[in-house]
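S.K.: Below are the sequence and a predicted model for it; my questions follow.
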Amino acid sequence: MATKKAEKELTLAEAFGTVVKTYRESAGLTQDKLAFHSEIDRGYMSQIERGIKNVTLPFVWKLAKALGAKPSELITATEKKLRERT
C-alpha cells in the first residue's frame with residue numbers, strides 16, 4: 001500500500017512570502033519594481049518571497065503600500081495560507 005507524502009507545514013515567513021509573491025504577480029510587478037517601490041533591497045525582497053527572512057511591521061506596511069493593498073489584507077491572506085497547510 002502506497003503512503004501519501006505529507007505536505008511540509010509552512011512557516012510564517014514562507015506563508016507571508018508566498019502571499020507577497022502572489023500579490024506582486026497579480027499587480028504585474030517584478031521583484032525589482034516591488035523592491036524599488038517599497039524601498040527594500042532587491043536581495044532582501046527575494047529572501048522575503050522565499051520565506052528566508054521574517055519581516056517587521058514597517059516592512060509589511062511598505063510592501064502593502066507598494067502592492068496597493070492594506071497591511072491587514074496581507075496578514076489575513078497569510079493566516080489563510082497557514083490554515084490551508086495545517
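M.R.: Looks like it came in fine.

S.K.: The helix or strand containing Y44: how far from the chain's middle?
M.R.: Per DSSP states H and E, Y44 falls inside helix 42-49. Centroid separation for helix 42-49 versus its chain: 10 Å, with C-alpha atoms, centre = their mean, to the nearest Å.

S.K.: what do you get for stretch 20-34?
M.R.: 10 Å.

S.K.: Check the average confidence over it, would you?
M.R.: Average pLDDT, stretch 20-34: 98.

S.K.: Can you point out the buried residues in it?
M.R.: Going by neighbour count (16 or more other C-beta atoms under 10 Å), the buried part of stretch 20-34 is 20-21, 23-24, 29, 31, 34. Yep, even glycine has a C-beta here, placed from its N, CA and C like the rest.

S.K.: Same check on stretch 48-57?
M.R.: By neighbour count on 16+ other C-beta under 10 Å, the buried set for stretch 48-57 is 48-49, 51, 53, 55.

S.K.: And stretch 38-47, by the same measure?
M.R.: Of all the residues in stretch 38-47, those buried under the rule 16+ other C-beta under 10 Å are 38, 40, 45-46.

S.K.: what about stretch 29-49, how long is it end to end?
M.R.: Taking C-alpha to C-alpha, to the nearest Å, stretch 29-49 runs 13 Å from one end to the other.
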